[in-house]
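K.L.:
Sequence isn't available, so here's the structure alone:
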C-alpha cells in the first residue's frame with residue numbers, strides 16, 4: 001500500500017513555522033484529511049491554539065521536550081495512534097525550534113515507520129534578520145537546521161532591512177549543496193505546490209494514500225496517550241510548570257477555561273518582560289478568547305477558536321536572569337474572576 005506523505009517543517013525559534021502551517025491548512029485540498037504534530041520545547045503548548053479547528057484536520061501537541069531526543073518514543077507511539085484512528089492523507093510535523101532535525105529524521109525513517117511514512121523534502125524556515133545576529137550564528141542547532149534543509153523558506157521578509165535581505169541572498173549563493181528550492185515569503189504564504197509536489201527524501205513513492213500499513217509495534221494497540229496537558233485545571237487553580245534544557249528556561253501556566261483575564265493588564269505585564277523572552281499565550285479575556293504572540297517583534301493579539309483552557313508560556317535564554325515566582329504572581333494579578341459561559 002502507498003505510504004503517507006510526511007513533511008517536516010523545521011526552523012529556529014520565532015522563524016514562523018506555525019504561521020506557515022496555518023496558511024497551508026487554510027489552503028489544503030478539500031478532499032484530503034491532514035494530521036499535524038506539533039512539538040514545543042515548553043510545557044504549555046500554545047501553538048496548537050493557533051491552528052484552524054476543522055473536521056478534516058487533526059492536531060496533536062507534544063510539549064515538554066524535543067522529538068529528536070526526550071520524546072522520540074512518544075513520537076513513534078503518537079504517530080501510530082494518529083494513523084490508526086484518523087487515517088490521514090498527509091502528515092505535517094513541526095519540531096521544536098530548539099530541536100535538532102537529525103534525530104527526528106532517524107525516528108521517522110527507522111524500520112517501524114519507514115513502511116508507513118513517505119518522508120518528503122525537509123522544509124526549513126529562516127528569518128533573514130537572524131543572519132546578522134551573532135547569538136544565532138553561534139548557535140549550533142540554528143546552524144545545523146540550515147545545513148540539513150532540503151528546501152528553504154526565507155520568512156518574514158517584510159520585517160527585514162534591504163541589507164539583511166541581501167545578506168541572506170549572498171548566503172544562499174554560497175551554500176553547498178544547493179537547495180531544491182527557495183521561497184521568499186511574508187505571512188507564511190508558501191505556495192501549496194511546494195508541499196503537494198515535494199519529492200521523497202528516499203525513493204519515489206506515490207503521493208496519495210487510500211489505506212496504510214502499520215508497524216507491528218506492541219505499543220500500537222495501546223490507548224491514546226494522556227499527557228499532563230490533557231488534564232483540565234480546576235476552576236480557580238493555576239498549574240505551573242518549569243523546564244530548563246538546551247540553554248533555555250521555560251515557564252508555563254494553565255487555567256480552567258472559565259478563568260478570565262484583563263487583556264490590557266496582562267498585555268502590559270507581558271510587554272514589560274526583557275528583550276530575549278519568547279512570549280506565547282492564549283487567554284479568555286473579557287473581549288473573548290485571544291492569542292498573544294511576540295514572534296514578529298511587538299506583542300500582538302488576535303482572536304482564536306480555542307476554548308479549551310487559558311495558557312501562558314515564556315521562554316528565555318539561561319544567561320537572562322528572571323524571577324519565575326515573581327512572574328507567576330504578576331500574571332495571577334491579571335485575573336478578573338471565574339465566570340462560566
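P.N.:
Done, it's in. Note that the coordinates shown come from a computational prediction; the quantities given were computed from them, not determined experimentally.
K.L.:
got the residue ranges for the helices in the chain?
P.N.:
In the chain, helices defined by DSSP state H lie at 17-26, 72-86, 101-108, 134-137, 140-148, 162-174, 193-196, 263-271, 324-332, listed in chain order.
K.L.:
Show me the shaky parts of this protein.
P.N.:
Applying pLDDT under 70 to the chain flags the ranges 1, 42-45, 63-71, 202-230, 296, 340-341.
K.L.:
And it, what are its domain boundaries?
P.N.:
With domains defined by automatic domain parsing, the chain comprises 4-221, 233-338.
K.L.:
Format these as a markdown table; extra columns: mean neighbour count.
P.N.:
Just so you know, the C-beta spots here come from the backbone N, C-alpha and C atoms, and that holds for glycine as well. Formatted as a markdown table, those follow (neighbours: other C-beta atoms under 10 Å):
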| stretch | mean neighbour count |
| --- | --- |
| domain 4-221 | 18 |
| domain 233-338 | 17 |
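K.L.:
Okay, the residue lying closest to residue 23 once chain neighbours are set aside and residue 256: tell me how far apart.
P.N.:
Excluding its sequence neighbours, the residue lying closest to residue 23 (C-beta to C-beta, 6 or more residues apart in numbering) is residue 188, at 4.4 Å. Look at residue 188 and residue 256: by C-beta to C-beta, to the nearest Å, they are 31 Å apart.
K.L.:
what's the answer for residue 22, then?
P.N.:
Look at residue 22 and residue 256: by C-beta to C-beta, they are 26 Å apart.
K.L.:
Quick check: residue 283 touching residue 308?
P.N.:
No - using C-beta atoms under 8 Å, residue 283 is not in contact with residue 308, being 11.9 Å away.
K.L.:
Quick one: residues contacting residue 267.
P.N.:
Residue 267 makes contact with 292, 299, 301, according to C-beta atoms under 8 Å, 6 or more residues apart in numbering.
K.L.:
ok, now which ones touch the second one?
P.N.:
Just to be clear, that refers to residue 299. Here residue 299 is in contact with 267, 270-271, 279, 292-293 (C-beta under 8 Å, 6+ apart).
K.L.:
try 7 Å
P.N.:
By C-beta atoms under 7 Å, 6 or more residues apart in numbering, the contact set of residue 299 is 267, 270-271, 279, 292.
K.L.:
Just the closest of the residues you listed to residue 108, please.
P.N.:
Checking the contacts of residue 299 against residue 108 by C-beta to C-beta gives residue 279 as the nearest, at 30.5 Å.
K.L.:
contacting residues for residue 330?
P.N.:
residue 269.
K.L.:
any idea how far residue 137 is from residue 248?
P.N.:
Distance, residue 137 to residue 248, using C-beta to C-beta: 17 Å.
K.L.:
nope, residue 161 is what I meant
P.N.:
As judged by C-beta to C-beta, residue 161 and residue 248 stand 27 Å apart.
K.L.:
Between the helices of the chain, which one is closest to residue 7.
P.N.:
Taking those one by one with C-beta to C-beta, helix 193-196 is closest: 6.0 Å.
K.L.:
for the closest one, packing partners?
P.N.:
Packed against helix 193-196 by the contact rule (3 or more C-beta pairs under 7 Å, 6 or more residues apart in numbering; DSSP states H and E) you find no helix or strand.
K.L.:
ok, residues contacting it?
P.N.:
Contacts for helix 193-196 (C-beta under 7 Å, 6+ apart): 7, 24, 181, 183.
K.L.:
Mind telling me the two of these farthest from one another?
P.N.:
Farthest-apart pair in those is 24 and 181; separation 15.6 Å (C-beta to C-beta).
K.L.:
re the thing from before, tell me the one among the contacts of helix 193-196 nearest to residue 168.
P.N.:
Taking these together and measuring to residue 168 by C-beta to C-beta, the closest member is residue 183, at 12.4 Å.
K.L.:
Residue 153 is in contact with the closest one, correct?
P.N.:
Yes - using C-beta atoms under 7 Å, residue 183 is in contact with residue 153, at 5.2 Å.
K.L.:
shared neighbours, these two?
P.N.:
Common neighbours of residue 183 and residue 153, counting by C-beta under 7 Å, 6+ apart, are residue 190.
K.L.:
next one: phi and psi at residue 320?
P.N.:
Torsion angles at residue 320 (phi, psi; degrees, to the nearest 10) stand at phi -100, psi 120.
K.L.:
got the contact list for it?
P.N.:
Contact analysis of residue 320 by C-beta under 7 Å, 6+ apart lists 274, 276.
K.L.:
Perfect, I'm done here.
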